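Q: Generate a structure from the sequence data that follows.
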Amino acid sequence: KKMRTTTPYTSMMLKQATPEVRANKIIVLEAVRNNGNALQFASSQLQADKEVVLEAVRTSVYALGWASPQLCADKEVILTAVTKYGWPLRYASPELQNDKEVVSAAVRQNACAFQYASQELRGDREIALLAEKNTGSV
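A: Below is the predicted model:
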């Protein structure tokens, strides 16, 4: 077994780090694996990096709030987040808030995500029933 000789980067360490460290993908990946909220302190380039954002959304319900708009329009990224937590549907692009697969996954995980679905899908009987099934009411 190989022993680690370095301390893992945490969100607070990244907050206090230099711009060069905040732009270092290896360090930022380590930080977001420990706490996805560290994404807020990453460089804007890394907030737009799909690998980094996917790691962040696996460990934080809030990570999408710091992801680039392009990644909030990426179906894989949004499905990863909403399948785990549901309500990050609020960060999805309007197109994905109108995607039945995405909205179903979100509402199945957390019925509160229903409010972030497009108006069209909030009127969809199947989506409404799924939300009702998970809460008892919509």
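
Q: buried residues in the helix or strand bottoming out on mean pLDDT in the chain?
A: Least confident helix or strand, the chain: helix 11-15 with a mean of 84, by mean pLDDT, DSSP states H and E. Neighbour-count burial for helix 11-15, counted by 16 or more other CB atoms under 10 Å, picks out 11, 13-14. Placement of C-beta: from N, CA and C, glycine included.

Q: now, which of the residues you listed sits nearest Val57?
A: Here the nearest of these to Val57, counting by CB to CB, is Ser11; it sits at 14.7 Å.

Q: To what extent is the residue nearest to that closest one when sequence neighbours are not counted buried, counted in neighbours?
A: Closest residue in space to Ser11, ignoring its immediate chain neighbours: Ala38 at 3.9 Å, by CB to CB, 6 or more residues apart in numbering. Neighbourhood size, Ala38 [other CB atoms under 10 Å]: 30.

Q: next one: the one 10 residues further on
A: Here the number of neighbours of Ala48 (other CB under 10 Å) works out to 15.

Q: so who does it touch?
A: Ala48 makes contact with 67-68, 70-71, according to CB atoms under 8 Å, 6 or more residues apart in numbering.

Q: all helices of this structure, in order?
A: 11-15, 19-22, 25-34, 44-47, 50-59, 75-85, 94-97, 100-109, 119-122, 125-135 (DSSP state H).

Q: Could you identify which of those has the lowest mean pLDDT?
A: Per-stretch mean pLDDT for those is lowest at helix 11-15 (a mean of 84).

Q: And that helix, what does it pack against?
A: Contact here means 3 or more CB pairs under 8 Å, 6 or more residues apart in numbering; DSSP states H and E; on that basis helix 11-15 packs against helix 25-34.

Q: mind redoing it with 10 Å?
A: helix 19-22, helix 25-34 (3 or more CB pairs under 10 Å, 6 or more residues apart in numbering; DSSP states H and E).

Q: how much does the last one deviate in direction from helix 50-59?
A: Right, helix 25-34. Compare the direction of helix 25-34 with that of helix 50-59 by axes from the mean of the first three to the mean of the last three CA atoms, to 10 degrees and you get 20 degrees.
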